[in-house]
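Asker: Any chance you could fold what I've pasted below:
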Amino acid sequence: VQDGHGKKTRLVQESYMSFFNHISLRHGWRKVPFGRRDIEELTQCASEIVVKIRSSLDARAKGIILRKLSGSSHDYLWGIQHPPKGIL
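Answerer: Predicted structure coming up:
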């Protein structure tokens, strides 16, 4: 990760991991087949890729850019039926 991208990468990964702060998970009303440690490496890799793609898109964009930091990651995580097996 390039120096300028390090903070952005960390923020994106934190937004992905904030999935576990959802009230229904905290109170045990819903469950997912994985824990924080299971997806930490995956979210790190994904956040590095996302920051690079967003930076490239932003360099070409004109005007204001509005974006949800976590993208659609929370929707994706709710849909996982089996524990992730790691990167590639």
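
Asker: only C-alpha atoms for contact and neighbour calcs from this point on.
Answerer: Noted.

Asker: any weak-confidence spans in the protein?
Answerer: Within the chain, the ranges that satisfy pLDDT under 70 run 1-3, 86-88.

Asker: Find the nearest non-adjacent residue to the most centrally placed residue in it, please.
Answerer: The centre of the chain sits closest to Tyr16, judged by Cα atoms, centre = their mean, with a distance of 3.0 Å. In this structure, Tyr16 finds its nearest non-sequential neighbour in Ser70, 5.5 Å apart by Cα to Cα, 6 or more residues apart in numbering.

Asker: ok so, going back, thought the residue nearest to the centre of the chain was touching Ser73?
Answerer: Yes. Between Tyr16 and Ser73 there is a contact under Cα atoms under 8 Å: 6.2 Å.

Asker: Do a quick rundown of the helices in the protein.
Answerer: 3-17, 23-26, 36-60, 73-79 (DSSP state H).

Asker: tell me the most buried of the ones you listed?
Answerer: The highest mean neighbour count among the helices of the chain, using mean count of other Cα atoms under 10 Å, belongs to helix 3-17: a mean of 17.

Asker: For that one, list the C-alpha coordinates in PDB.
Answerer: Extracted in PDB, the C-alpha atoms of helix 3-17 (Å, rounded to 0.1, in the frame of the first residue of the first chain):
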ATOM      1  CA  ASP A   3       1.800   5.900   1.900                       C
ATOM      2  CA  GLY A   4      -1.100   8.100   0.900                       C
ATOM      3  CA  HIS A   5      -3.400   5.100   0.700                       C
ATOM      4  CA  GLY A   6      -2.600   3.700   4.200                       C
ATOM      5  CA  LYS A   7      -5.000   5.800   6.200                       C
ATOM      6  CA  LYS A   8      -7.700   5.400   3.600                       C
ATOM      7  CA  THR A   9      -7.200   1.600   3.500                       C
ATOM      8  CA  ARG A  10      -7.500   1.400   7.300                       C
ATOM      9  CA  LEU A  11     -10.700   3.500   7.300                       C
ATOM     10  CA  VAL A  12     -12.200   1.300   4.600                       C
ATOM     11  CA  GLN A  13     -11.300  -1.900   6.500                       C
ATOM     12  CA  GLU A  14     -12.700  -0.400   9.700                       C
ATOM     13  CA  SER A  15     -15.900   0.300   7.900                       C
ATOM     14  CA  TYR A  16     -16.100  -3.300   6.700                       C
ATOM     15  CA  MET A  17     -15.500  -4.600  10.200                       C
END
